[in-house]
Every structure is written in C-alpha cells, then in structure tokens.
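[1] next come a sequence and a model predicted from it.
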Amino acid sequence: MSKKALITGITGQDGAYLAELLLEKGYEVHGLKRRTSLFNTDRIDHLYQDPHVDHQRFKLHYGDLTDSTNLIRIVQQVQPDEIYNLAAMSHVAVSFDTPEYTANADGIGTLRLLEAIRILGLEKKTRFYQASTSELYGLVQEIPQKESTPFYPRSPYAVAKLYGYWITVNYREAYGLYACNGVLFNHESPIRGETFVTRKITRAIARIALGLQECLYLGNLSALRDWGHARDYVQMQWLMLQQEQPEDFVIATGVQYSVRQFVERAAAELGVTIRFEGEGEREIGIVARVEGNRARCKPGDVIVQVDPRYFRPTEVETLLGDPTKAKNKLGWTPTTTFEELVREMIESDYSAAKRDSLVKLAGFQAYDHHE
Ligand code: NDP
Ligand code: GDR
C-alpha cells in the first residue's frame, strides 16, 4: 500500500514541487484547492490524472483553511499518513491589509488541521508538517538565526505564523502527535508568485530587456535575505516527517544578498549592466541606470525606481539562517547557488516574455498583470 499525503496549499509554489516529489516517491497525493473564479491549478496541471481511470494517485479536494467542517471531512476521507500544511495567505505586505483573514487562515487554520487529526483519533497515524517561516525572527535578535534564536514577528503574517508554530509544538507535547515546524527562509523558483520580490524582478527585467515594459518599481532595496530554491526545500519538508522523533528545523542556505544585488544579478544575466544612483535605506529617488547592454534598453535609461508604496509599516531588514542542525540530523544541504537560482528564474521569465513579444508582433494584444 502506498503512503497517503494530504497537501494544503497544493496550488502554490511549494505545493507543486512537493506534490511532484511525493508522486515520484510513490505516494498517493491529495491536495486541498480553493474555489476560485478563474482556474488556479497552473502549477500542477502537469500532474493531473483523469479521475475516471483506475489507480489515480493524484486527487484534488475543494476546501479552505477557514472551514473546519470541510477540513475534518477531507482528513476523514483521505486518512492521510502525512499532512503538509503549506496553505497560507503568504504575502507579508498584503497581511497588513488583511490582518484578520491572515490570522484566521494562517494561525487558526493550523489549529483546525491539528484538531481534525485529534477529533478523528489519528494522533498515532498522521504526521504533521507546519510551514513555519524565518519571518518569525523579524527584528532579529541574533545573526545568523537558528532554532534557538528568539522570535520577534514584525507583521500580521508573522504573528499569525507564530501562533501556527507554537500550536504545532503544543500539540506535539500535549497529545504526542508527530508534528514538526520547518522554519524555512525565503525560497524561490520560476513558479514563485509574481508579487514576491525575486519573481517581480526577474519578470520585469525580462520584459524590459525585450521592450515590453519601461521601468520596475520596488520598495526597500537594502533588505537582506537568505534565498534558496524551493525544489531543494521541499525535500527537507519530506525528510522532516521521516525521522524517528518529531523536531523543528531551520532550513536556509547560510548566504545573504540584498534586493539590490538580486536586481543587478538578474540584469547581468541578460547582458544589461546597471548602476544604482543614491544610497541609503528606504531612500526615495534611488534609480538604476543602464550602462551597457545587449538588450532593447539604451544606456542612460532608468529601469528601476524606488516607490514608497512598496515600503512596509514594519520591515524585516535582515535574515540569514544557520542550517547546521538540518545538515547534521537530516543530512540535508541546499544544492542550488544564488547565481543558479537567479539564472533559472530569469531564463524562464525571458522565454515567457518572448512569447508575449511574438504575440504583440503578430498584432495581438498581450496584457500584463499589475499589482
Ligand atoms: P504560495 O503563496 O505560493 O501558496 C500558498 C498556497 O496556499 C496556495 O495554494 C493558496 O491557494 C493556498 N491558500 C491560501 N489561503 C488559503 C486558504 N484560506 N485555504 C486554503 N488554501 C489557501 O506560498 P509558498 O508555496 O511560497 O509557501 C508555502 C508555505 O510556506 C506558506 O504557508 C508560506 O507562508 C510558507 N513559507 C514560504 C516561504 C517561501 O519563501 N516561499 C518561506 C517560509 C514559509 P491559491 O493558489 O488559491 O491562492
Ligand atoms: P518576504 O518576501 O516578505 O521575505 O516573505 P518578499 O519577496 O515579498 O520581500 C522580500 C524583501 O524585499 C523587499 N522588497 C519588496 N518586496 C515585494 N514583495 N515587492 C517589492 O516591490 C519590494 N521591494 C523591496 C521587502 O520589503 C522584503 O524586505 C516571503 C514570503 O514567501 C513569506 O510567506 C515567507 O514566510 C518569507 O518569505 C520567508
């Protein structure tokens, strides 16, 4: 009998990579997807299996983390060996606009799943993974951050995730559940949501290089992040549920770059050299000018500008993880370098932008999405 996994957030970046990984490992994979007015399964359409054929190993269920009856019913139907709770309102800036919903989905949503396991008497059967985050460290108390570093959340998102973290620990201690937190630092990929800074940059630089867009507007260019590849990080999510004892782990690369460096690297990949003018944290008026290029933009063009609209009421300035525990206990190390990550993302976005420019050349309207 193959193992059964239930993934919440299966339509998201990590959900898609994890579903692929678990299917490769022979799991029967069940995913929770939300009802949306447009299709939201782009990232997992290649995994789709016709429900009319026998031995279907990939199944989707409509559901929502804010609906406990629905979660209990799905957990009862699936009887999963493993639950990966990846679903969340995961955008830090948006959480300032929707704080109550974020608390409900990201905080209480975690409790709802843990309670479903308990109500259904699955404490001994079902292992639980909680998608915790480096945002918990917020206003950092120690550099680099590790499992013992104190938390200081700086957004409604991080505060909601703090509840998710501790309720997972509490259910492990109170009811003997095999439940773990993966405290993951930022991880990206070509299928990263388009409004997170890395993907926003690679999409925009690709479009600018092809003459489809003029300028990229960003917020805090000085923010420092520890960026890894999502494909590497989902391996760890699985590994955490295969141990003898449940434990919490920090997952990171241990290397840090600024948003500004990410932009420079992405532009360089397309042969565009840029020079930032202006210094200083949150300085409005910082621009990046093209110095030389092989692309459609000309020397002197301003292709990046700071727009205070993207500043956050409270910012997390610096995050750098220490993944020593994961390396020692899980035998896990990230395999993708920063340069490889940026290259993979920009290449993918450049292909997409090329398709759009061909559409435009053929006389059709190619619409872009805006934040
Ligand atoms: P995404 O934003 O790409 O995906 C989030 C997923 O959650 C989507 O499938 C989304 O559905 C779903 N979702 C959102 N709200 C609800 C809800 N109320 N009920 C059910 N499903 C919901 O996130 P990532 O894949 O990047 O991240 C996965 C998890 O890991 C998240 O919990 C995130 O907070 C956490 N995390 C991410 C890190 C990162 O750098 N990527 C780092 C640390 C933690 P839909 O597609 O319909 O929007
Ligand atoms: P983050 O990721 O907040 O770390 O949360 P994001 O890519 O949104 O921001 C990273 C840093 O870049 C700065 N920034 C901008 N960010 C966005 N989105 N848009 C901009 O225009 C922009 N300009 C500068 C931000 O201020 C920030 O400092 C991600 C999410 O995946 C969370 O779910 C996850 O928990 C954490 O990573 C770890």
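    Thanks, I have it. Ligands and ions are numbered 1, 2, ... in the order given.

[2] next helix or strand past the helix or strand of the chain with the lowest mean pLDDT?
    Within the chain, no helix or strand scores below strand 287-292, which has a mean of 65 by mean pLDDT, DSSP states H and E. With elements assigned by DSSP states H and E, the helix or strand that comes after strand 287-292 is strand 302-306.

[3] in its sheet, which strands sit next to that following strand, and in what direction?
    According to DSSP bridges, strand 302-306 forms sheet pairs with strand 216-218 (parallel), strand 287-292 (antiparallel).

[4] in that strand, what's buried?
    303, 304, 306 (16 or more other Cβ atoms under 10 Å). From N, CA and C alone the C-beta is placed, and that goes for glycine too.

[5] and stretch 309-321, by the same measure?
    Neighbour-count burial for stretch 309-321, with 16+ other Cβ under 10 Å as criterion, is recorded at 315, 316, 317, 318, 319, 320, 321.

[6] what's the answer for stretch 320-328, then?
    For stretch 320-328, the neighbour count (16+ other Cβ under 10 Å) marks 320, 321, 322, 323, 325, 326 as buried.

[7] dihedrals phi and psi, the fifth one?
    Okay, so that is residue 325. In terms of degrees, to the nearest 10, the main-chain angles of residue 325 are phi -60, psi -40.

[8] helix, strand or coil for the residue lying closest to residue 44 once chain neighbours are set aside?
    Excluding its sequence neighbours, the residue lying closest to residue 44 (Cβ to Cβ, 6 or more residues apart in numbering) is residue 16, at 5.1 Å. Following DSSP: H, G, I helix; E, B strand; the rest coil, the label given to residue 16 is helix.

[9] pretty sure residue 16 sits against residue 10.
    Yes. With contacts counted by Cβ atoms under 8 Å, residue 16 reaches residue 10, the gap being 7.2 Å.

[10] any common contacting residues for these two?
    Common contacts of residue 16 and residue 10 (Cβ atoms under 8 Å, 6 or more residues apart in numbering): residue 44.

[11] give me every residue in the stretch 151-300 of the chain lying close to ligand 1.
    Residues of the stretch 151-300 of the chain lying close to ligand 1 (Cβ under 6 Å from any ligand atom) are 184, 186, 187, 193.

[12] which of those residues has the most neighbours?
    Neighbour counts for these (other Cβ atoms under 10 Å) peak at residue 187, which has 27 neighbours.

[13] from residue 232, how far out is that residue?
    For residue 187, the distance to residue 232 (Cβ to Cβ, to the nearest Å) stands at 7 Å.

[14] quick check: the residue of the chain nearest ligand 1.
    Closest residue of the chain to ligand 1, Cβ to the nearest ligand atom: residue 12 (2.0 Å).

[15] just give the nearest non-adjacent residue to that residue, would you?
    The shortest distance from residue 12 to any non-neighbouring residue, by Cβ to Cβ, 6+ apart, is to residue 86 (6.2 Å).

[16] residue 359 too?
    Residue 359's closest residue in space is residue 366 (Cβ to Cβ, 6+ apart), at 4.5 Å.

[17] what sits against the one you found?
    212, 356, 357, 359, 360.

[18] do that again at 10 Å, thanks
    By Cβ atoms under 10 Å, 6 or more residues apart in numbering, the contact list for residue 366 reads 207, 212, 353, 355, 356, 357, 358, 359, 360.

[19] starting at the chain centroid, how far to the host helix or strand of residue 237?
    Element membership for residue 237, per DSSP H and E: helix 230-240. Centroid separation for helix 230-240 versus its chain: 12 Å, with Cα atoms, centre = their mean, to the nearest Å.

[20] average pLDDT across the helix or strand residue 158 falls within?
    Using DSSP H and E, residue 158 falls within helix 156-175. What helix 156-175 shows for mean pLDDT is 98.

[21] near ligand 2, which residues of this structure? Just list them.
    By Cβ under 6 Å from any ligand atom, the residues of the chain that approach ligand 2 are 90, 92-93, 133-135, 185-186, 195-198, 200, 218-220, 223, 225, 259, 310, 312, 315-316.

[22] rewinding a little: so what pLDDT did the residue nearest to residue 12 get?
    pLDDT, read off for residue 86, is 98.

[23] wait, isn't it in contact with residue 10?
    Yes. Residue 86 lies in contact with residue 10 (Cβ atoms under 10 Å); the separation is 7.5 Å.

[24] common neighbours of those two, please.
    Shared contacts of residue 86 and residue 10 (Cβ under 10 Å, 6+ apart): 16, 18, 19, 31, 32.

[25] low-confidence regions, this protein specifically.
    279-295 (pLDDT under 70).

[26] those helices in it, which residues are they?
    Counting by DSSP state H, the segments of the chain that form helices are 13-24, 68-78, 92-97, 99-102, 109-119, 156-175, 197-209, 230-240, 259-269, 324-330, 338-361.
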